[in-house]
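my questions are about this predicted structure, shown below with the sequence.
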Amino acid sequence: MAALDYGTFEFKEILVSLDSAVLIVTINRAKQRNTFVNALADEIIQVFEAADRDDRVRVVILTAEHTAPAYCSGADISNGWNVLFRPEDDAEGESAHRDTGGQVAIAIYRCRKITIAAVNGHAVGVGATGFQLPFDFRFVWEGAKLAFPFVRRGIVPEATSSYLLPRLLGHSRANSLILSGATVPATSRLISNLYHEIIPKREDVLPVALAFAKELAANTSQLSVAYSKGLLQHPGDAIEENHLLDSRAIKLLGSGEDAADGALAFKERRNPKFSATLSKSSSPWYPWWKALDIRHRRAKL
Amino acid sequence: MAALDYGTFEFKEILVSLDSAVLIVTINRAKQRNTFVNALADEIIQVFEAADRDDRVRVVILTAEHTAPAYCSGADISNGWNVLFRPEDDAEGESAHRDTGGQVAIAIYRCRKITIAAVNGHAVGVGATGFQLPFDFRFVWEGAKLAFPFVRRGIVPEATSSYLLPRLLGHSRANSLILSGATVPATSRLISNLYHEIIPKREDVLPVALAFAKELAANTSQLSVAYSKGLLQHPGDAIEENHLLDSRAIKLLGSGEDAADGALAFKERRNPKFSATLSKSSSPWYPWWKALDIRHRRAKL
Amino acid sequence: MAALDYGTFEFKEILVSLDSAVLIVTINRAKQRNTFVNALADEIIQVFEAADRDDRVRVVILTAEHTAPAYCSGADISNGWNVLFRPEDDAEGESAHRDTGGQVAIAIYRCRKITIAAVNGHAVGVGATGFQLPFDFRFVWEGAKLAFPFVRRGIVPEATSSYLLPRLLGHSRANSLILSGATVPATSRLISNLYHEIIPKREDVLPVALAFAKELAANTSQLSVAYSKGLLQHPGDAIEENHLLDSRAIKLLGSGEDAADGALAFKERRNPKFSATLSKSSSPWYPWWKALDIRHRRAKL
């Protein structure tokens, strides 16, 4: 694996390496049980935003050391919830705060590359929300204990989990998990559908996810992935609007170099060689959706 | 169990008791196969609206006698559908009618406490829709036969089931159940994901649900539950809007007394002692969503 | 089975027959591996639009010969993607193209009768999207291999699949299937919930689906089916709006002839005899939803 040079970045809370177009991001806080702190959040956001723009990267995996006490054991609240808040927000009133877990979730959700969470340990709170739900695929260790314990701590589900979890699993399971706050194994019927694959041995989770990632990196079009994610996340409000959107995307991509080789490779029964990149080959039409501006404007200079 | 004093209420179609912050509502029409009539609907609406406002109540369970012919066998249509309609609505035209099952469903759905359906018998029609779908959790007897038979009776799915069922299970299962009108066992792959737990013995459904309810009543924050339900039901239209909503809720609740004890209890490895109540501790920001006014305005005085 | 007389239609790519109110549409391109071409799309659209208006038809089944190489092996791209596009669209710019798979999907989705896909063979691309997802029910052969391979071909999911698949299965499974482009068996946990029934023998898929269809044709109300599909597809934006919609539909249908016999049949413990038809008995209120106009207006005469 080659060390990745992201210019001036100096990561402390994560390890980052690039392996055949797969960027592997490893949470590096095993001694702190891989708890979630603002410094970790900042680095995760930086690396997913960089991966989004880096044409070399086709897949991003988030994982932890498989010998760590947990994949991520949530926010460190041993000194209370103030760890989540910034004093300067208090002066701005009730609507100034921006949940750090949500900022992480949105950075991952918006990343136009394939994203994979390789959950090779227990996961609680933001370890189950922001570090899992915004990903395209989740691989999990069979023995992992998972919890959304918010109602048992006096707070609410965060990191956009009240948006993402019902969309992923339906409200029957989302309500069960969030309103019970229960700790469940990955194999529980309440949560197993969240996972692309459930893996018996903890040490196998990353290797299995990495092999899956490399195969996708080699055989999928970067443009196809980005536009497909766009269609899945922003399908339009009705079947008719979706028809207009996917028609336009089909026309755009179907006329491009990756589609040409995709068809030829299919005919010649070989693997495709996709060369289109987001920086060179995307269209001004993309993104076609509007997004709410989530920045807070300070009241004073 | 203590008898509950709800002032002037005199329930005839239901039995109501309070057991350690868990309100148990039992349908009391076993001799009529627990059929759904307007008087039953009125009492269910009254008790869920009262439970919503009663700080003592943290969980509400709806159940039936486990020896009854059914949990609820639907509307009594032995004299036709007019049982559903009111003559005064006819003079008002086609848009005056308000489905009684839907009014029940909305009262349960809007209740800010944890709600549980303990389905200890067969359930048909509104017994499967209004008396199950708006709840947070459903426990069911393994032997229960369940049906949404509307297309086989010449009517349509009611009690907001065409909204709730696809959200709970996805459209693949919702279409199968509603458009076939089939009668299925609780263990059928078409419906089993609707249930938090499927219980072998009919007489065990209420005790299992009650134990679950008491544990939640003792260890969850009333405020967390209400705000979490609000986020799950009204998550906003996109991930960005959800981020603004859960950020504000985290800030509000994270600064409160329940969150303080929640963090301390976690540190001290003890159960929390939550004291915040909706009547004392909620914020004017809640509810943050708009709701359509569903009342019909009579044409004349 | 009686040959169906649809006036001037002369189908070449499909076989069509009517069997006790069940219209069976068989893809008739086994020698071309049942590939998808514009001529096939045109005939499918014609037959579903005709079935929608033909009061004799209560259920429509789409299937293939069970001895064919595939149920549908997708678009024939052996000469590239231009097979999908029309030269006259190119002059109109990027937003003129309308995906043929999507036009098929919308014709099936809008058909007010019960629709069933009897997937008795492998299905790839539009064979897995347009020829499966817009249907009410899907029956599948246990040995069928299924794939949404778009990201592996340099294009995007089409035929409104980015709208329909997440609604049917939830985003966890939809993302897995579409973003991996993997080929999976019908029994895979990634896709099995898409199917009403999974059938061991390939030759049994159509007979099982047909028996199911005949039972529904005999015992469901044409009006109930159409209005129930309307409620499931257009439930309103919130529970309150759904309450207004299903209340009005209940009032309309509950006052009609099918509901009257439905109640009487229930009382007399016999099968109902439904006689209402869409052409005679529907209401001007239906459809209650607005739909985007998806036609392209040519720039010049």
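Arrived safely, thanks for sending.

any idea how far residue C:125 is from the closest residue to residue A:254 other than its chain neighbours?
Excluding its sequence neighbours, the residue lying closest to residue A:254 (CB to CB, 6 or more residues apart in numbering or on different chains) is residue C:81, at 4.2 Å. In short, each C-beta sits where N, CA and C put it, glycine included. Distance, residue C:81 to residue C:125, by CB to CB, to the nearest Å: 12 Å.

so for the two, which sits in the more crowded spot?
residue C:125 (26 against 21; other CB atoms under 10 Å in any protein chain shown).

which ones are touching residue A:184?
Counting by CB atoms under 8 Å, 6 or more residues apart in numbering or on different chains, residue A:184 touches A:145-147, A:177, A:190-191.

regarding the residue nearest to residue A:267 when sequence neighbours are not counted, what is its secondary structure?
Leaving out its chain neighbours, the residue that sits closest to residue A:267 by CB to CB, 6+ apart is residue C:78, at 5.2 Å. Following DSSP: H, G, I helix; E, B strand; the rest coil, the label given to residue C:78 is coil.

quick check: buried residues in the strand or helix carrying residue A:208?
Residue A:208 is located in helix A:205-219, with elements delineated by DSSP states H and E. Buried residues in helix A:205-219, counted by 16 or more other CB atoms under 10 Å in any protein chain shown: A:205-206, A:208-210, A:212-214, A:216-219.

nearest to chain C, of these?
Nearest to chain C among the buried residues of helix A:205-219: residue A:219, at 5.6 Å, using CB to the nearest CB.

my guess is that closest one contacts residue A:266. True?
No. The pair residue A:219 / residue A:266 is not scored as a contact, 11.7 Å apart, by CB atoms under 8 Å.

between the two, which contacts overlap?
With contacts defined as CB under 8 Å, 6+ apart, the residues shared by residue A:219 and residue A:266 are residue A:272.

what residue in chain A comes nearest to chain B?
In chain A, the residue that lies nearest chain B is residue A:154 (3.2 Å; CB to the nearest CB).

assumed that residue was part of a strand.
No. In this structure, residue A:154 is coil, not part of a strand, as judged by three-state DSSP.

how much distance is there from stretch A:87-99 to the middle of the chain?
Computed by CA atoms, centre = their mean, to the nearest Å, the chain-centroid distance of stretch A:87-99 equals 26 Å.

that one close to chain B?
Yes. For a cut-off given as CB under 8 Å from any CB of the partner chain, stretch A:87-99 has contacts with chain B, namely A:89, A:94-95, A:97-99.

check which helix or strand covers residue A:187.
Take DSSP H and E as the rule and residue A:187 turns out to sit in neither a helix nor a strand.

meant to ask about residue A:163, not that
In the assignment (DSSP H and E), residue A:163 maps to helix A:161-169.

show me which residues of the stretch 1-150 of chain A are close to chain B?
So the stretch 1-150 of chain A meets chain B at A:77-78, A:80-81, A:84-85, A:89, A:94-95, A:97-99, A:102-103, A:105-106, A:109, A:150 (CB under 8 Å from any CB).

and with 10 Å instead?
A:74-75, A:77-85, A:89-90, A:93-103, A:105-106, A:109-110, A:129, A:134, A:148-150 (CB under 10 Å from any CB of the partner chain).

tell me how far the next helix or strand after the helix holding residue A:163 lies from the chain's centre.
Scanning forward in sequence from helix A:161-169 by DSSP H and E, the next helix or strand is helix A:171-180. Distance, stretch centre to chain centre, for helix A:171-180: 21 Å (CA atoms, centre = their mean).

hmm, back to that, nearest to residue B:44, of the residues of stretch A:87-99 next to chain B?
Nearest to residue B:44 among the residues of stretch A:87-99 next to chain B, counting by CB to CB, is residue A:94 at 36.0 Å.

can you confirm that closest one is in a helix?
No. Counting by three-state DSSP, one finds residue A:94 to be coil, located in no helix.

pretty sure it sits against residue B:255.
Yes. Between residue A:94 and residue B:255 a contact is recorded at 9.2 Å, counting by CB atoms under 10 Å.

just the C-alphas of the helix or strand where residue A:116 lies, formatted as CSV.
Residue A:116 is part of strand A:114-119 when elements are defined by DSSP H and E. Extracted in CSV, the C-alpha atoms of strand A:114-119 (Å, rounded to 0.1, in the frame of the first residue of the first chain):
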residue,chain,number,x,y,z
ILE,A,114,-18.3,4.1,-3.6
THR,A,115,-18.1,4.1,0.2
ILE,A,116,-17.9,1.1,2.5
ALA,A,117,-18.0,0.7,6.2
ALA,A,118,-16.0,-2.3,7.4
VAL,A,119,-17.4,-2.6,10.9
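
relative to helix A:205-219, how tilted is that strand?
For strand A:114-119 against helix A:205-219, the angle by axes from the mean of the first three to the mean of the last three CA atoms, to 10 degrees is 170 degrees.

now do the contacts for the residue nearest to residue A:254.
Applying CB atoms under 10 Å, 6 or more residues apart in numbering or on different chains, one finds that residue C:81 lies in contact with A:250-251, A:253-256, A:259-260, A:262-263, C:75, C:153-155.

highest neighbour count among the residues you listed?
Within the contacts of residue C:81, neighbour counts (other CB under 10 Å) peak at residue C:155, which reaches 32 neighbours.

mind pulling up the pLDDT for that residue?
On pLDDT, residue C:155 comes in at 98.

check contacts around it.
For residue C:155, the contact set (CB under 10 Å, 6+ apart) comprises A:221, A:223-224, A:227-228, A:246, A:249-256, A:258-259, A:262-263, C:75, C:77, C:81, C:84, C:125, C:149.

in what helix or strand does residue A:250 lie?
Short version, using DSSP H and E: residue A:250 is in helix A:239-254.

helix or strand right after that helix?
Using DSSP H and E, the helix or strand that follows helix A:239-254 towards the C-terminus is helix A:257-267.

give me the mean pLDDT for that next one.
96.

what is the burial count for residue A:93?
Residues within reach of residue A:93, counting by other CB under 10 Å, total 11.

residue contacts, it?
A:296, A:299, B:251.

among those, which has the minimum pLDDT value?
Note: of the contacts of residue A:93, the lowest pLDDT belongs to residue A:299, at 81.

doesn't that one belong to a strand?
No. Per three-state DSSP, residue A:299 lies outside any strand segment and is coil.

how many other residues sit next to it?
9.

now swap in residue A:141 and tell me
Other residues within reach of residue A:141, judged by other CB under 10 Å, total 26.

so what's it closest to, chain neighbours aside?
Distance criterion CB to CB, 6+ apart; nearest residue to residue A:141, sequence neighbours excluded, is residue A:202 at 4.5 Å.

so the residue of chain A closest to chain B sits against residue B:263, correct?
Yes. The criterion here is CB under 10 Å, and residue A:154 meets it with residue B:263 at 7.7 Å.

where does the stretch 101-250 of chain A dip in pLDDT?
Within the stretch 101-250 of chain A, no stretch falls below the threshold (pLDDT under 70).

give me the residues contacting the next helix or strand after the strand holding residue A:116.
Downstream of strand A:114-119, the first helix or strand assigned by DSSP H and E is strand A:123-124. For strand A:123-124, contacts defined as CB under 10 Å, 6+ apart pick out A:33-36, A:64, A:70-75, A:117, A:129, A:131-132, A:138, A:140-141, A:144-149, A:183, A:186.
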